[in-house]
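1. Sequence and predicted model, in that order:
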Amino acid sequence: MDRFLGGERPPTRTQKFAARYPVLVTCLAGTIWAAYFLLLPGVQPSDYAIGPVGGFLLGGIFGLTALYERRRQRRLRRLGLWDGS
């Protein structure tokens, strides 16, 4: 299944960046989501709860995805399918 989905292809520049800086990707995704809810006109009281909580959850998902990508790149190097450049 992994091969079918492209798991053995060398990573793109974006994937390399995400694997190199997973905490930054997490913080950016969460901050952008929270800002989206809190800075738009017509903010309702429920948005003050949805923004930070949703940002935390979305950032967590992006962070876990970045960590998975880091593990995938390590596996590619270990198997000799990618030289790490």
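-> Perfect, thanks for sending it.

2. what comes into contact with stretch 25-43?
-> The list of residues contacting stretch 25-43 from outside it, by C-beta atoms under 8 Å, 6 or more residues apart in numbering, reads 17-18, 47-48, 50-52, 54-56, 58-63, 66. Bear in mind the C-beta positions are built from the backbone N, C-alpha and C, glycine included.

3. Now do the same for residue 8: helix, strand or coil?
-> Look at residue 8: counting by DSSP: H, G, I helix; E, B strand; the rest coil, its state is coil.

4. can you start the count at 17 instead of 1 from here on
-> Sure thing, new numbering starts at 17, so read that last one as residue 24.

5. number of nearby residues for the residue nearest to it when sequence neighbours are not counted?
-> Taking C-beta to C-beta, 6 or more residues apart in numbering, and ignoring the residues beside it in sequence, residue 24 has residue 97 as its nearest neighbour in space, at 5.6 Å. Close neighbours of residue 97, defined as other C-beta atoms under 10 Å, add up to 12.

6. So which residues of this structure form helices?
-> If DSSP state H is used as the criterion, the helices of the chain fall at 29-36, 38-55, 63-95.

7. Could you dump those helices into CSV and include mean neighbour count?
-> As requested, those are arranged in CSV below (neighbours: other C-beta atoms under 10 Å):
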stretch, mean neighbour count
helix 29-36, 15
helix 38-55, 16
helix 63-95, 15
